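> Here is my input; please provide its structure:
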Amino acid sequence: MGIDPGLTRCGLGVVEGSLGRPVSLVDVGVVRTSSHLAVPERLVTIERGVDAWIDEHRPDAVAIERIFARSDVSTIMGTAQAAGIAMVCAARRGLPVALHTPSEVKAAVSGNGRADKAQVGAMVTRILRLDAPPKPADAADALALAITHIWRGGSQARIDAALAAASRRTPSRAPARTPDRTPDRTPDRTPGGAR
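I've put the predicted structure just below:
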């Protein structure tokens, strides 16, 4: 499940697939909140929407856009708050959460880390074999996040699993020392020769 966090529109997209196999659309949409409401009420609306999607679709993992600095601080704050709500919803259910930067997502789906929203939407349409790009762009971005996580997160999960397996095979404590059976040939340096 991909989540493109936003305070006004929070994109949600669910895809099914695995690395090396075609990816298909399960569902896509947005949770909308009114700018006339207080921020706490808007966050509750987002939480309820994300909770409902997770409960309905039961994803294996949740991929959320990693927040990066923009010029408009109020936009960053709202986006970060919505992302935090999405993380809490997933963590509450024990789901793994992955964060992908916008440039990672653009590069994964289009091959260009500087692709614009239209290019991302066109590639999502092509990858999922849709008739038209998902609207609004937040919905297409959520699908792009989900696709990116399958393509990149799948390989990262395998690397993490291999590292975990290797650490289980490695003893956690120092190996036992075998007693040294060679006689001590260190010269006696104590006064009078006593040991």
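
> Please count neighbours and contacts with C-alpha atoms only from this point.
Noted.

> Can you show me the strands along this structure?
Along the chain, the stretches classed as strands by DSSP state E are 2-4, 9-16, 24-32, 62-65, 97-100.

> roughly how far is the longest one from the heart of the chain?
In this case it means strand 24-32. Relative to the mean C-alpha coordinate of its chain, strand 24-32 is positioned 18 Å out (Cα atoms, centre = their mean, to the nearest Å).

> tell me what it is packed against?
Using 3 or more Cα pairs under 8 Å, 6 or more residues apart in numbering; DSSP states H and E, the elements in contact with strand 24-32 are strand 9-16, helix 39-57, helix 137-148.

> Apply 6 Å and report the result again.
Under the contact criterion of 3 or more Cα pairs under 6 Å, 6 or more residues apart in numbering; DSSP states H and E, strand 24-32 touches strand 9-16.

> Can you pull out the low-pLDDT segments for this protein?
Low-confidence segments of the chain, defined by pLDDT under 70: 69-71, 154-162, 170-195.

> what's the residue closest to the geometric middle of it?
Centroid-nearest residue in the chain, with Cα atoms, centre = their mean: Ala98, separated by 1.0 Å.

> buried set for stretch 87-103?
By 16 or more other Cα atoms under 10 Å, the buried positions in stretch 87-103 come out as Met87, Val88, Cys89, Ala90, Leu95, Val97, Ala98, Leu99, His100, Pro102.

> Could you measure from the third one over to Ala115?
Separation of Cys89 from Ala115 (Cα to Cα, to the nearest Å): 30 Å.

> and if you look at the last one?
Between Pro102 and Ala115 the computed distance is 10 Å (Cα to Cα).

> for Gly153, same thing?
Computed as Cα to Cα, the Gly153 to Ala115 distance reads 21 Å.
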